[in-house]
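S.K.: mind looking at a prediction? Sequence and model below.
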Amino acid sequence: MIKKLTSAEIRRRAKRIKLILTDVDGVLTDTGVYYSANGEEMKRFSIRDGMGMELLREWGVQTAMLTREDSPRVASRSKKLGLPFYFPGILDKEEFLPDVLKKTGLKLHELAYIGDDVNDAGIMEAIAKEGLTACPKDAMPVAKKLAHYVAKAPGGNGAFRDFAEWIMKNRG
């Protein structure tokens, strides 16, 4: 469980955010995996989440995907969205956090994170100390306990966009 923030503290933190890290499965997708007859895996992404990333850029906030998966489908989506950073194949996200800070040149208080499950808990807890954290409406309880904001939308259905709009609203 993280410390509940006042509205003033949320606004203060939102104004410092320069990069939102997002998990992929369960945040940008609906946790479903689709297979074709040939065994090809497919994922469904929300176009609204992509627009949220574009709107954030206009506010000076970048987005990066941080995922356990290392797949060409997710890499393609990251490239199409023009994300400056893409971190695939990361099994321990909390342990990778110093690498994120080094590669981006940012400080912990300039980060936000949205995740949905136990593999996001460590990084959410670390970022929550100085930055902002969120989860989709249908996130697992562990992620909800570590989120400053619970999106009104479930994963893969605009949860990232909802978080993006919450950040922008709190930036003024």
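M.R.: Yep, that arrived.

S.K.: contacts for the helix or strand of the chain with the lowest mean pLDDT next, please.
M.R.: Lowest by mean pLDDT, DSSP states H and E among the helices and strands of the chain is strand 41-42, with a mean of 80. If you take Cβ atoms under 8 Å, 6 or more residues apart in numbering as the criterion, strand 41-42 is touched by 33, 34, 35, 36, 71, 73. Using the backbone N, CA and C atoms, a C-beta is placed for each residue, glycine as well.

S.K.: likewise stretch 56-68?
M.R.: Residues external to stretch 56-68 that are found in contact with it (Cβ under 8 Å, 6+ apart): 17-25, 28, 53, 74, 77-78, 81, 83-91, 93, 96, 100, 104, 113, 119, 123, 164, 167-168, 171.

S.K.: 6 Å - rerun?
M.R.: With contact meaning Cβ atoms under 6 Å, 6 or more residues apart in numbering, stretch 56-68 is reached by 17, 19-22, 24, 53, 78, 83-88, 90-91, 93, 164, 168.

S.K.: alpha carbons only: can I get it in PDB?
M.R.: Provided in PDB are the C-alpha atoms of stretch 56-68 (Å, rounded to 0.1, in the frame of the first residue of the first chain):
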ATOM      1  CA  LEU A  56       1.100  13.700 -23.900                       C
ATOM      2  CA  ARG A  57       3.900  14.500 -26.400                       C
ATOM      3  CA  GLU A  58       2.200  17.900 -27.000                       C
ATOM      4  CA  TRP A  59       2.500  18.500 -23.200                       C
ATOM      5  CA  GLY A  60       6.200  17.500 -23.300                       C
ATOM      6  CA  VAL A  61       5.700  14.000 -21.800                       C
ATOM      7  CA  GLN A  62       7.100  11.000 -23.600                       C
ATOM      8  CA  THR A  63       6.000   7.400 -23.300                       C
ATOM      9  CA  ALA A  64       8.000   4.100 -23.200                       C
ATOM     10  CA  MET A  65       6.900   0.500 -23.200                       C
ATOM     11  CA  LEU A  66       8.500  -1.700 -20.500                       C
ATOM     12  CA  THR A  67       7.600  -5.300 -20.900                       C
ATOM     13  CA  ARG A  68       8.600  -8.900 -20.200                       C
END
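
S.K.: mind listing what's buried in it?
M.R.: By neighbour count on 16 or more other Cβ atoms under 10 Å, the buried set for stretch 56-68 is 56, 61, 62, 63, 64, 65, 66, 67, 68.

S.K.: and these, which of them are in helices?
M.R.: residue 56 (DSSP state H).

S.K.: just the ones of the buried residues of stretch 56-68 in strands?
M.R.: Among the buried residues of stretch 56-68, the members falling in strands are 62, 63, 64, 65, 66 (criterion: DSSP state E).
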